[in-house]
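**Q** coords please:
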Amino acid sequence: MPSPRPSLRHEKLCLAPVAGVDEAGRGPLAGPVVAAAVILPAKGIPRGIEDSKKLPATERARLCARLHGCAAVGIGIVEAPEIDTLNIYWATMKAMTLAVEALIEREAAPAHILVDGNRLPRWTHCATAIVGGDAISLSIAAASIVAKHTRDAIMIAHADTYPHYGWHSNKGYGAPGHLRALREHGPSPLHRRSFAPVAQTVLPL
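**A** Next up is the predicted model:
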């Protein structure tokens, strides 16, 4: 039986406009966590929107550009030092909050927010958490594409500055080559020093 495709079924149950929110980058050892909030247009929604994990990078890039052109998009970014201070859970919640605030600053305040996952940030917005939302909600899937493509672009931009770690390909995740470079060269300023594989390579003062 084929898996369900993202649709507007959940959006139609909510007061419009509805924003979908998702994040990228909870698991990597380096770089920021990035969240996106997306309000899709009433007409002209790009075809092919899917959970970002199911799409190749070229298709994510194409759809991200299309979404920036036709939808209201807000992005929230929390960098590695703040991740170390807050922990990754609260950093993710902050990134989502920043993404929604960015929408509001664009005068695109959502009436309801659909968030991927089982927890909501501490905010006063009307919102619903949907486990696996990026696979079933079109707005959340759109947000997953924007968040993933944005974060990947950030890591690729940093890859030439810190060439040892292979971020062009691993985007900061704990791939074998990345772990080997950590052991050989130690962490960069972009590494999350509270994450165990990084903490183990930091020499005590």
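**Q** CA only for contacts and neighbour counts going forward, please
**A** OK.
**Q** name the helices or strands packed onto the biggest helix by length in the chain?
**A** Using DSSP state H, we find that the single longest helix of the chain is helix 138-159. Using 3 or more CA pairs under 8 Å, 6 or more residues apart in numbering; DSSP states H and E, the elements in contact with helix 138-159 are strand 18-24, strand 33-39, helix 57-70, strand 112-116, helix 133-136, helix 167-170.
**Q** buried stuff in the last one?
**A** Put plainly, it is helix 167-170. Applying a neighbour-count criterion of 16 or more other CA atoms under 10 Å, one finds 167, 168, 170 buried in helix 167-170.
**Q** want to throw the residues you listed into JSON lines with distance to residue 43?
**A** Shown next, in JSON lines, are the buried residues of helix 167-170 (distance: CA to CA, whole Å):
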{"residue": "167", "distance to residue 43": "37"}
{"residue": "168", "distance to residue 43": "36"}
{"residue": "170", "distance to residue 43": "36"}
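**Q** Now flag whichever of those residues is closest to residue 116.
**A** Of all those, residue 116 sits closest to residue 170, with 23.5 Å by CA to CA.
**Q** Apart from its neighbours in sequence, what residue is nearest the closest one?
**A** Spatially, and ignoring its direct neighbours in sequence, residue 170 is nearest to residue 178 (7.6 Å; CA to CA, 6 or more residues apart in numbering).
**Q** name the element the one you found belongs to?
**A** Here residue 178 is covered by helix 176-185, with elements defined by DSSP states H and E.
**Q** Convert the C-alpha atoms of that helix to PDB, please.
**A** What follows is helix 176-185, C-alpha atoms only, in PDB (Å, rounded to 0.1, in the frame of the first residue of the first chain):
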ATOM      1  CA  PRO A 176      32.900   8.500   9.500                       C
ATOM      2  CA  GLY A 177      35.000  11.100   7.700                       C
ATOM      3  CA  HIS A 178      33.700  13.900   9.900                       C
ATOM      4  CA  LEU A 179      34.400  11.900  13.100                       C
ATOM      5  CA  ARG A 180      37.900  11.100  11.900                       C
ATOM      6  CA  ALA A 181      38.600  14.800  11.100                       C
ATOM      7  CA  LEU A 182      37.300  15.700  14.600                       C
ATOM      8  CA  ARG A 183      39.800  13.300  16.200                       C
ATOM      9  CA  GLU A 184      42.700  14.500  14.000                       C
ATOM     10  CA  HIS A 185      42.000  18.300  14.000                       C
END
